[in-house]
Structure formats: C-alpha cells, structure tokens
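Asker: Here is the input, now give the coordinates:
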Amino acid sequence: MNIEFNKNEDVNKQMVYELNHKLKKIYLGGGEKNAAKQKAKGKLLARERINYLIDEGSNFLEIGAFAADGMYAEEGGCPAAGVVCGIGYVSKRQCMIVANDATVKAGAWFPMTAKKNLRAQEIAMENRLPVIYLVDSAGVYLPMQDEIFPDKEHFGRMFRNNAIMSSEGIVQISAIMGACVAGGAYLPIMSDEAMIVEGTGSVFLAGSYLVKSAIGEEVDNETLGGATTHCEISGVTDYKHPNDEACLASIKNIMSMLGAPQNAGFDRVKSLKPKENELDLYGILPDSREKPYEMMDIINRLVDGSEFEEYKQGYGQSIVCGLGRIDGWAVGIVANQRKVVKSKKGEMQFGGVIYSDSADKAARFIMNCNQKKIPLVFLQDVTGFMVGSRSEQGGIIKDGAKMVNAVANSVVPKFTIIIGNSYGAGNYAMCGKAYDPRLIYAWPTAKIAVMGGAQAAKTLLQIKQSSLKNSGEEITPEKEAEMLKEITDKYNSQTTPYYAASRLWVDGIIDPLETRKVISMGIAAANQSPITKKFNVGIIQT
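Answerer: The predicted structure is shown next:
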C-alpha cells in the first residue's frame, strides 16, 4: 500500500459514509411525528411493510431512494418522492414492490412521485416482473396538479401501464392499506387482484366531504368506500384482512402459487468471489476525477475469480472490452480506460476519451454479445469523444455513430454503472439513461454533465462577460473572479450523483461494494423476459 492508495481510500470511504448518512435521513420519510400518527392507526410504515413482505434474509434493491432529494423545498420536501420502490423476493419469486409512504404528505403524488412510479413499472414491464402495490395515498398533490395530471408521462400513464401489463400476463397485486382516492383509486382496481385492510383501507372516487359538496349526500368514509362496502356490497375488492400483517401474509401466499416464469437463457454457473480484494476499490479509484488509473484494477475486483477474457487487448485501448462473470452470470463488459500509456509516439493519457479505434472495437464487441446472448455491463468514466482536426479527419463522428447505433439497437439487457465522469456524447455511447439500460446506478464518485465543470464554467463566463460588455458594464478582475466562482459552484452542484439521482437520471447511488449485487439482481430479473427482437444495427454498418 502506498500513500496515494491510502489517500484515495480515506476520501472514498468518507463519500460512502456520507451516502449512508443521507440514506438514513431519507429512510425516516416524513419524520417521527408523522410516523407516530400512522402507528397510532395500527398501520405499519412503508418500509416496515416491505420488510415484512420480502423473504427473510433476501436482498432488496431499492429504486430511486434519492428521488426528489433537495426538491419541493417550499412544500416541505418530499423524501424518496413519497414512495418506496424496489426489486425484492416474495415467496422466492423476484418482483417489483411499490409502497406509498403515508408519512410524506399523506402519500400524495408529486411530479417526481409519478416519474418514480413509472420507472418502477418500466422495469417491471421490461423484465416481466410481477408487481405488488402497497397503496396508501391521498392522491394528486393539488397545488402541483398541472405538473402531474394531463401529459403522457404523468399520473394517468400508470393506469395505462396497469392495463398493458395485465394484457401481457404480468401479474399485479394491490393491497389497499390506507387512503386510495380519486384517480388513484383506479390503480388497485386495475390490478389483477385487490385486497383491503379493515378500518384503515378505503377506496373511492370522491371522499365524504366532496360527496357532500357535489350531491349533498352525508356519508362517512367507511360506509362510502371501506373494506365491508367493497368486499361485501360493491365487489370492488377481492379479499378483506383485519390488519397489515394478515394482508401481507395473503400476498405471500398468492405469490407462492404463481407459475414459473419463462427463462431468457442467460448463462449462469456457480458464483465465485473475485480473487482480488474488493475492498481495494476504495484505494484504487483516485480522489480526483482528473487523475488516471487502470480500469482493469476495477474490473478484476468485480468479476468472479478476477478472470476476464479481454477482447482486442492491443487495439482501441481507450475502451476495455471483454467477457467475464459476475455472481455466476456471464457478462460482456465495456469500460472506459483512464490510465497513462507509453506509445511509440511518447506518453499518452487516455483520460476516459473515446477514440475512433475504441468506438469501432466497442461496436463490434457489442454485436458479438448480442449474437451470443450475453448481457452487457457498461462501466462509465468517460469525458467524451476525441476532438480536433486529426480526429475529425479520421472519422470520429462516423465511428462514434457506429458505437451509439450498436448500443441503441442492442437487444440483450444492458446495465450501466457510472464510476466517475459521464460527460457529453460519452454518456450516450456508454449507455446512459436515454439508451434504456435495465438498471443504471452511480457510485458516490460519479459526475454527470454535458462537459467538465472547469470547461463549462469558462464557457458560461465568456457568454456572461459578452452580455455585460454589450450592455456597457465594466468587468473588473475582482468581478470576473466572483462571477467565475458563482458559475462554477452552481454548475458543479448540478453534476453530483445526488443531483442526478434526485431527478431519476440514475436509479440510485451505491457503495462500490454493492455493484456485483446490483448487476446480479438485474440479470436475474432480465432472465424472466425472453428476447423477442432481432439485433440489427440499422443504416450504419460496422
């Protein structure tokens, strides 16, 4: 171990500590006071419901824990967007669980709540995962209804997805464990089966106050839409349970009887731990995103037995491609190289830049993985494609387009881990969110933006200076320094993984040591959805 390794280790472990500290705050939801109110009604909290539901000792992969983080300050915040989502095992069957958190604004739907729910449904649909909805929501947050109600990716898309999944045989089970009102009432009833908890669960298009206002009828909520009404009179719900625990036990029982899913046929053997120490990841990754490192040192601590079959090792070296296994699953890995190498022309630092030969290599490797039906894993630490006259004359745009085309048309499942930089078109070529990765997670060290902070700040400063000069304002060196700092600070705050995760550009932020678990659970999910499309790279041939 050297001083540099120890320094890196300290910085990265501190980042993981900060990550876990932030998550603990998010897990508190709307706070202890609101939690106590739910408990007083005899209800379990959202995360308690999930823990009770999933198999003991099994993994739960949370989706969007940081959704809405730092947003909606005027409304008092909305931790985890007021809903807990993730992939878990119920009666040994992998499924998507969506649980409203009634401690956060009574489980009301904010714009990011809709986006997160739709992401959960998207993952379920792509992987044919059964969906369990634990419903406890007051419906749309009315002060922001214009941002959540009418558009294609708004609230109503949920019910459209309910219908599509049901028609495609993707099982959906809903438990009404609290309020379920107005448009939100359609979600559980458009599921294949719906159950309700006596005393706390209720479902209606309009509550008692609105009914009184609209038609003058006086009726209490329990009579209007409680468990007895819907299980014995209307027939809207299928099962009635005395409490949360009995309701969740019923879901477990139903899940235990589901028929086995179809198998996509991805190859898996007995899992092996990496031979290289996984804890070394903290010391290998530099304390700065500008410093070089050897990507193979990362890969060897992620793949089983630290065994990796590298593709075209001596060609296109700014991207590493090759075959390995993660938790027994066969994977094709595409990773950006950051090391300094000695070439015939002298020392050369790759720095995560994609060159023409590297793009060509990656495109061909992606094609090979599609042919062999091997899932793809992208390890991003990319600053973009190489620029300059030499690169342009060498056809960098054409070769970059080949790679983007191969990624976009890939039919095997793709999984993206953002390790460091994720800048510009490099984000796209390395399977950013726009290119449909089944899952996309970031390490605490990630930075996501159109370009690096220093370059962007200088560009933005030049634009601002030009505007001020045109208006006749004199810019002193002190004023220039002040503007540069202000621009840099704002830009850098928007490149953090937390900013990205709050907007669901990534599904979450993870400790590097969780990377193998994320990829393994992702492939296990994808293995329930056989490939039905044929790989075709389109008009740009390699």
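Asker: out of all of them, which helix in this protein is the longest?
Answerer: The helix spanning the most residues in the chain, taking DSSP state H as the definition, is helix 3-27.
Asker: How many neighbouring residues does residue 108 have?
Answerer: When neighbours are counted by other CB atoms under 10 Å, residue 108 registers 24. Bear in mind the C-beta positions are built from the backbone N, C-alpha and C, glycine included.
Asker: How about it: what's its closest non-neighbour residue?
Answerer: Leaving aside its sequence neighbours, residue 108 sits nearest to residue 141 (CB to CB, 6 or more residues apart in numbering; 4.2 Å).
Asker: contacting residues around that neighbour?
Answerer: By CB atoms under 8 Å, 6 or more residues apart in numbering, the contact set of residue 141 is 75, 105, 108-110, 113, 148.
Asker: can you tell me the average pLDDT over stretch 380-394?
Answerer: Average pLDDT, stretch 380-394: 70.
Asker: Apologies, that question was intended for stretch 251-267.
Answerer: 96.
Asker: Return the set of buried residues in that stretch.
Answerer: For stretch 251-267, the neighbour count (16 or more other CB atoms under 10 Å) marks 251-252, 254-255, 261, 264, 266 as buried.
Asker: Ends of that stretch, what's the gap?
Answerer: Distance between the boundary residues of stretch 251-267 (CA to CA, to the nearest Å) amounts to 31 Å.
Asker: Please state the offset of it from the chain centre?
Answerer: Once both centres are worked out by CA atoms, centre = their mean, to the nearest Å, stretch 251-267 turns out to sit 23 Å from its chain's centre.
Asker: And the contacts of it?
Answerer: 53, 90-93, 95, 128, 130, 132, 171, 173, 175, 193, 195, 329-330, 373-375, 413, 523, 526-531.
Asker: Could you measure from residue 398 over to residue 385?
Answerer: Residue 398 sits 11 Å away from residue 385 when distances are taken as CB to CB, to the nearest Å.
Asker: Which one's more surrounded, those two?
Answerer: residue 385 (23 against 12).
Asker: For that one, give me its contacts.
Answerer: 353-355, 359, 391, 396, 400, 424-426, 429.
Asker: any chance of these in TSV, with distance to residue 121 and neighbour count too?
Answerer: TSV is the format used below for the contacts of residue 385 (distance: CB to CB, whole Å; neighbours: other CB atoms under 10 Å):
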residue	distance to residue 121	neighbour count
353	37	21
354	33	28
355	39	20
359	34	28
391	41	17
396	38	19
400	32	26
424	30	17
425	29	18
426	29	22
429	27	31
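Asker: Go through those and say which is closest to residue 281.
Answerer: residue 426 (21.8 Å; CB to CB).
Asker: Pull out the C-alpha coordinates of the host helix or strand of the closest one and format them as PDB.
Answerer: Using DSSP states H and E, residue 426 sits in helix 424-429. Output in PDB follows, covering the C-alpha atoms of helix 424-429 (Å, rounded to 0.1, in the frame of the first residue of the first chain):
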ATOM      1  CA  GLY A 424     -21.400  14.700 -23.200                       C
ATOM      2  CA  ALA A 425     -21.900  12.200 -26.000                       C
ATOM      3  CA  GLY A 426     -19.700   9.700 -24.000                       C
ATOM      4  CA  ASN A 427     -22.700   9.300 -21.700                       C
ATOM      5  CA  TYR A 428     -24.800   8.300 -24.700                       C
ATOM      6  CA  ALA A 429     -22.300   5.900 -26.200                       C
END
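Asker: on contacts alone, who are the packing partners of the next helix or strand after it?
Answerer: Using DSSP H and E, the helix or strand that follows helix 424-429 in sequence is strand 439-442. Judged by 3 or more CB pairs under 8 Å, 6 or more residues apart in numbering; DSSP states H and E, strand 439-442 is in contact with strand 414-423, helix 497-502, strand 508-509, helix 515-526.
Asker: in the last one, what counts as buried?
Answerer: Burial within helix 515-526, assessed by neighbour count using 16+ other CB under 10 Å, is assigned to 515-516, 518-526.
Asker: Confirm that residue 322 sits in a strand.
Answerer: Yes - assessed with DSSP: H, G, I helix; E, B strand; the rest coil, residue 322 lies in a strand.
Asker: Compute the number of surrounding residues for it.
Answerer: Residue 322 - counted by other CB under 10 Å - has 19 other residues nearby.
Asker: Quick check, pLDDT for the closest residue to it other than its chain neighbours.
Answerer: Leaving out its chain neighbours, the residue that sits closest to residue 322 by CB to CB, 6+ apart is residue 310, at 4.0 Å. Listed pLDDT for residue 310 reads 97.
Asker: With residue 100 instead?
Answerer: For residue 100, the model assigns a pLDDT of 96.
Asker: which residues sit in contact with the closest residue to it other than its chain neighbours?
Answerer: The shortest distance from residue 100 to any residue other than its chain neighbours is 3.9 Å, reached at residue 107 (CB to CB, 6+ apart). Neighbour list for residue 107: 82-83, 100-101, 136-138, 178-179 [criterion: CB under 8 Å, 6+ apart].
Asker: Adding neighbour count, distance to residue 213 and secondary structure, write the residues you listed out as a markdown table.
Answerer: Output for these, formatted as a markdown table (neighbours: other CB atoms under 10 Å; distance: CB to CB, whole Å; DSSP: H, G, I helix; E, B strand; the rest coil):
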| residue | neighbour count | distance to residue 213 | secondary structure |
| --- | --- | --- | --- |
| 82 | 31 | 26 | helix |
| 83 | 29 | 29 | strand |
| 100 | 29 | 25 | strand |
| 101 | 28 | 29 | coil |
| 136 | 29 | 24 | strand |
| 137 | 28 | 21 | strand |
| 138 | 21 | 17 | coil |
| 178 | 25 | 23 | strand |
| 179 | 26 | 18 | strand |
